[in-house]
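structure of the sequence below:
(one chain, ligands or ions: 1)
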Amino acid sequence: MNDMRLTERVVDATKIKISAKDVQVYYGASHAIKDVNIEILDKTVTAFIGPSGCGKSTFLRCLNRMNDTIPICRVEGKILLDSEDIYDRKVDPVQLRARVGMVFQKPNPFPKSIYDNVSYGPKIHGLTRNKAELDAVVESSLRKAALWNEVKDRLDAPGTGLSGGQQQRLCIARAVATSPEVLLMDEPCSALDPIATAQVEELIDELRTNFSVVIVTHSMQQAARVSQKTAFFHLGNLVEYGDTAQIFTKPSDPRTESYITGRIG
Ligand SMILES: Nc1ncnc2c1ncn2[C@@H]1O[C@H](COP(=O)(O)OP(=O)(O)OP(=O)(O)O)[C@@H](O)[C@H]1O
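The predicted model follows:
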């Protein structure tokens, strides 16, 4: 944990972006998330950590209703984005996912050009009026994803032809192209080499100036490097949630302490 930069970290964001209340998730009869309450701040990176199978990804997927796509999955409780209940009947999940974007473990660009990968979201959501505006969104999204300089001369080349790290930054560009308010990242670096991981981590830090970022990670070093807030999950429970520096140096629950010292998980 030599590269932890805990003391540099100041949490100045106070606006609550997502508020989850008494959330339960079931897969059939199996109770995967138990009574989770959490308030996720705007313009902050929040890390979800915990042993394999503790429910990190399940809970992350609740935040943009990705669990809707799993037929046996049932979500109870309330999740508010700003003050709007995202499970309300009136909410269109497709529109919601433009506001709460997601980046997955394995880079998954569409089998289309780099340009088309990034322009797809703004096009289907009607966010631009003409080609010049679309070009501008594609460029600014690729810049936000720190990829523009590497691809600006080959926007028509297939996205799948990029390196793994570039593909993941393309997926980040695709997610930010719809100007989301929240970006969910499910182990976004697990398929990347250390150099690409460092680039994506640096990017995550920049992204929080514009978005609330929630990242699931298996790496405690990564959680310590990129996040200001950390939530520790264990057996479907949110055991402890607080400032990253506090969680890693003075956890208040013995289960958190066991995990961060390597005794469980
Ligand atoms: N699609 C699914 N159908 C049935 N059960 C599932 C499904 N997805 C997850 N589960 C179960 O829900 C529990 C939580 O899984 P989840 O993947 O959310 O944990 P996790 O903490 O993200 O794990 P990991 O770190 O291994 O990715 C586990 O018991 C898992 O087997």
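
only C-alpha atoms from now on, for both contacts and neighbour counts.
Noted.

quick one, strands of the stretch 1-150 of the chain?
Using DSSP state E, counting those that start in this stretch, the strands of the stretch 1-150 of the chain run over 16-27, 30-41, 45-49, 73-81, 84-85, 100-103.

deepest-packed of those strands, please.
Of all the strands of the stretch 1-150 of the chain, strand 45-49 carries the top mean neighbour count, a mean of 27, counting by mean count of other Cα atoms under 10 Å.

strands paired with it, and their directions?
Partner strands for strand 45-49, per DSSP bridges, with pairing direction: strand 212-216 (parallel), strand 229-234 (parallel).

for Asp135, find the nearest of the strands of the stretch 1-150 of the chain.
strand 100-103 (20.4 Å; Cα to Cα).

what are the pairing partners of that closest one, and which direction each?
Within its sheet, strand 100-103 is paired with strand 182-186 (parallel), according to DSSP bridges.

pretty sure Val75 contacts Gln24?
Yes. Taking Cα atoms under 8 Å as the definition, Val75 is a contact partner of Gln24 at 5.8 Å.

in the sheet, who's paired with the residue nearest the centre of the chain?
Compute the mean C-alpha point of the chain, and by Cα atoms, centre = their mean the closest residue is Leu184, 2.0 Å away. Per DSSP bridges, the residues bridged to Leu184 are Met102, Val214.

can you pull the pLDDT of it?
Reading off the per-residue confidence, Leu184 sits at a pLDDT of 97.

any idea how far it lies from Leu63?
As judged by Cα to Cα, to the nearest Å, Leu184 and Leu63 stand 8 Å apart.

so what sits against both of those two?
With contacts taken as Cα atoms under 8 Å, 6 or more residues apart in numbering, Leu184 and Leu63 have Val100 as neighbours in common.

number of nearby residues for Glu133?
Residues contacting Glu133 under the criterion other Cα atoms under 10 Å number 13.

who in the stretch 51-200 of the chain is up against the ligand?
With Cα under 6 Å from any ligand atom as the criterion, the stretch 51-200 of the chain meets the ligand at residues Ser52, Gly53, Cys54, Gly55, Lys56, Ser57, Thr58.

for the residues you listed, which one is nearest Ser119?
For these, the minimum distance to Ser119 (Cα to Cα) is 27.2 Å, reached by Ser57.

for the worst-scoring helix or strand of the chain on mean pLDDT, which positions count as buried?
In the chain, the helix or strand scored least confidently by mean pLDDT, DSSP states H and E is helix 194-207, which has a mean of 89. For helix 194-207, burial by neighbour count (16 or more other Cα atoms under 10 Å) applies to Ala196, Thr197, Gln199, Val200, Glu201, Leu203, Ile204, Asp205, Leu207.
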